[in-house]
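Sequence and predicted structure below; questions after.
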Amino acid sequence: MKTIEVCLTPELLHQHSIVEKVAVVVDVLRASSTMITAFAHGLERLMPVAYVEGCMALQRLDYLSAGERDGAKVEGFDFGNSPYDVMNGELKGKSLAMTTTNGTLAIEKSKSAKQLLIGAFLNLSALANRVKELDEDTLVLCAGWKGQMNLEDTLFAGALVAQLTNDFKIKGDSALAAQLLYENAQNDLYGVISQTSHAQRLNKLSADEDMRFCLKKDEYNVVPFLESEHLVIQSS
């Protein structure tokens, strides 16, 4: 039986072997949620960029730009890091360069994986089905916050583990802890996550609506994956 494990922050990734595994990168609030939403509304491809300067360089190559630093939209970018920014159809058929404080850095650190997928509550079931189809040892990488673990990504990791327990063997206490935390919090995710440090940062940015949306389960049936340097989705 294949295994599923959880890395609580990219700072702990050196403790895991990622080569020959499927990596699921999650940044619930808000990078992975925004990416999934953009693809659900017609985005063709997305270039995740770790640093603002790289994103600006791609702007000069006719990419649209999205991103944040410390939660706030980067000056001069077309979009911030909110699912609501990418719902209006402006990205349909377009290419987007995106950089965020945590999520795109986690993607950069995961590129040696056999396959890299993007997850969030918004695509939970579709993602679980895709992981089952791939049937490979799987590592869920939580983007965290500036190297520290955060509760929202850990809870999502637990939700994914819970959906896969019949098909995958849990490897390591981090995966078990994430599952137990999720099972305890699943009936009031907003109430639990609203107490977190990142939720408090978002509240200062008047982004409570973003948080509520990002905690919706199975809103979309798309699973972005890394192909060469771009995130894409399977064409229907």
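All right, it came through fine.

Quick check: which ranges of this structure have low pLDDT?
204, 206, 236 (pLDDT under 70).

ok, which stretches of it are helices?
Using DSSP state H, the helices assigned to the chain run over residues 31-40, 52-59, 103-109, 124-134, 151-164, 173-185, 189-193, 197-204, 208-214.

State the separation between the first one and the centre of the chain it belongs to.
Offset of helix 31-40 from its chain centre (Cα atoms, centre = their mean, to the nearest Å): 8 Å.

quick revisit: of the helices of the chain, which is nearest residue 21?
Evaluated over the helices of the chain, closeness to residue 21 peaks at helix 124-134, with 10.0 Å, by Cβ to Cβ. For glycine as for every other residue, the C-beta is placed from the backbone atoms N, C-alpha and C.

Only alpha carbons, please: show the closest one as PDB.
Output of helix 124-134 as PDB, limited to C-alpha atoms (Å, rounded to 0.1, in the frame of the first residue of the first chain):
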ATOM      1  CA  LEU A 124     -10.600  18.500  -1.800                       C
ATOM      2  CA  SER A 125     -12.500  15.600  -3.300                       C
ATOM      3  CA  ALA A 126     -11.200  16.200  -6.800                       C
ATOM      4  CA  LEU A 127      -7.700  16.200  -5.400                       C
ATOM      5  CA  ALA A 128      -8.300  13.100  -3.400                       C
ATOM      6  CA  ASN A 129      -9.500  11.300  -6.500                       C
ATOM      7  CA  ARG A 130      -6.500  12.400  -8.400                       C
ATOM      8  CA  VAL A 131      -4.100  11.200  -5.800                       C
ATOM      9  CA  LYS A 132      -5.800   7.800  -5.800                       C
ATOM     10  CA  GLU A 133      -5.500   7.700  -9.600                       C
ATOM     11  CA  LEU A 134      -1.800   8.400  -9.400                       C
END
